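1. here is a sequence with its predicted model. Questions after.
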Amino acid sequence: MLYRCEWSQKNEIYSNYHDEEWGKPLHDDQKLFEFLILEGMQAGLSWITILKKREAFRIAYENFDVDKVAGFDQQKVEELMLNSGIIRNRLKIEASINNARRFLEVVEEFGSFDSYMWSFVDYQPIVNCWAKLSEIPAKTELSDRISDDLKRRGFKFVGSTIVYSHLQATGVINDHLVSCFCHPDNR
């Protein structure tokens with residue numbers, strides 16, 4: 001039997017996400033944008049809520065095509081507010097559109113959002129060696145620094161805890177427990 005991080009053993013949705021995505025280095029701008037939107041939508045909610053609505057988000061957000069989301073207008077905001085399949089929080093929806101526009105500015109400056117994010121860790125994932133779930137921090141100096149930079153660039157819903165979750169989700173930080181089969185030392 002494979003041992004997984006404790007949080008992922010609650011249900012199949014978590015297990016699949018844990019096994020297939022969480023902590024794996026991601027370099028695709030579209031997926032990085034997807035996680036940026038989903039992490040912002042998760043603020044104040046459980047991650048399982050977001051995972052259950054992920055397909056509805058993909059449809060509502062044009063498969064997370066950043067160019068299309070950046071072009072969403074007030075009419076689209078109102079349409080999204082009526083979509084029961086997603087999180088219907090006006091501030092989060094408006095922030096997601098704003099963040100798409102800021103994302104494109106970062107791409108213009110750095111060539112890709114991938115280059116921007118990974119530059120904070122010299123393009124190498126941080127692999128932590130936690131024994132217990134309780135050891136994993138909610139934020140770090142790194143997430144503070146990235147959060148501050150994103151806010152300076154005009155991004156919204158990018159507090160340090162949200163940024164840390166994004167770093168974990170996209171594999172910039174690998175927080176699989178040392179006993180987990182997904183930890184690099186166990187592969």
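-> Right, received. Where do you want to start?

2. any idea which helix or strand comes after the longest helix that the chain contains?
-> Ordering each helix of the chain by length in residues (DSSP state H) puts helix 90-110 first. Next in sequence after helix 90-110, counting helices and strands by DSSP states H and E, comes helix 113-119.

3. residues of that following helix that come out buried?
-> Going by neighbour count (16 or more other Cβ atoms under 10 Å), the buried part of helix 113-119 is 113-114, 116-118. The C-beta positions use only the backbone N, C-alpha and C, and glycine is treated the same way.

4. got the angle between the host helix or strand of Asp148 and helix 90-110?
-> Per DSSP H and E, Asp148 falls inside helix 141-152. Counting by axes from the mean of the first three to the mean of the last three Cα atoms, to 10 degrees, helix 141-152 lies at 100 degrees to helix 90-110.

5. list of residues touching helix 141-152?
-> Helix 141-152 is touched from outside by 102, 117, 120-121, 126, 139, 158-164, 167, 173, with contacts defined as Cβ atoms under 8 Å, 6 or more residues apart in numbering.

6. what do you get if the cut-off is 7 Å, keeping everything else the same?
-> Residues outside helix 141-152 that contact it (Cβ atoms under 7 Å, 6 or more residues apart in numbering): 120, 158-160, 163-164, 167.

7. quick revisit: quick one: average pLDDT of the longest helix of the chain?
-> In this model, helix 90-110 has a mean pLDDT of 98.

8. for that helix, packing partners?
-> Using 3 or more Cβ pairs under 7 Å, 6 or more residues apart in numbering; DSSP states H and E, the elements in contact with helix 90-110 are helix 29-42, helix 66-70, helix 74-81, helix 113-119.

9. now do the buried residues in that helix.
-> For helix 90-110, the neighbour count (16+ other Cβ under 10 Å) marks 92-100, 102-104, 106-107 as buried.

10. contacts for that helix, please.
-> Under the contact criterion Cβ under 7 Å, 6+ apart, helix 90-110 has outside partners 29, 33, 36-37, 40-41, 66, 69-70, 72, 77, 80-81, 113, 116, 153-157.

11. whichever of the residues you listed end up buried, select them in PyMOL.
-> Filtering the contacts of helix 90-110 down to the buried ones (16+ other Cβ under 10 Å) takes a single PyMOL command:
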select buried, resi 29+33+36+37+40+41+66+69+70+72+80+113+116+155+156+157
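
12. and the contacts of helix 141-152, which two are furthest apart?
-> Farthest pair in the contacts of helix 141-152 (Cβ to Cβ) is Phe120 and Gly159. Separation: 16.2 Å.

13. so which strand or helix has Ala138?
-> Applying DSSP H and E, one finds Ala138 in no helix or strand.

14. against Ile37, how distant is it?
-> Note on Ala138: its distance to Ile37, by Cβ to Cβ, to the nearest Å, is 20 Å.
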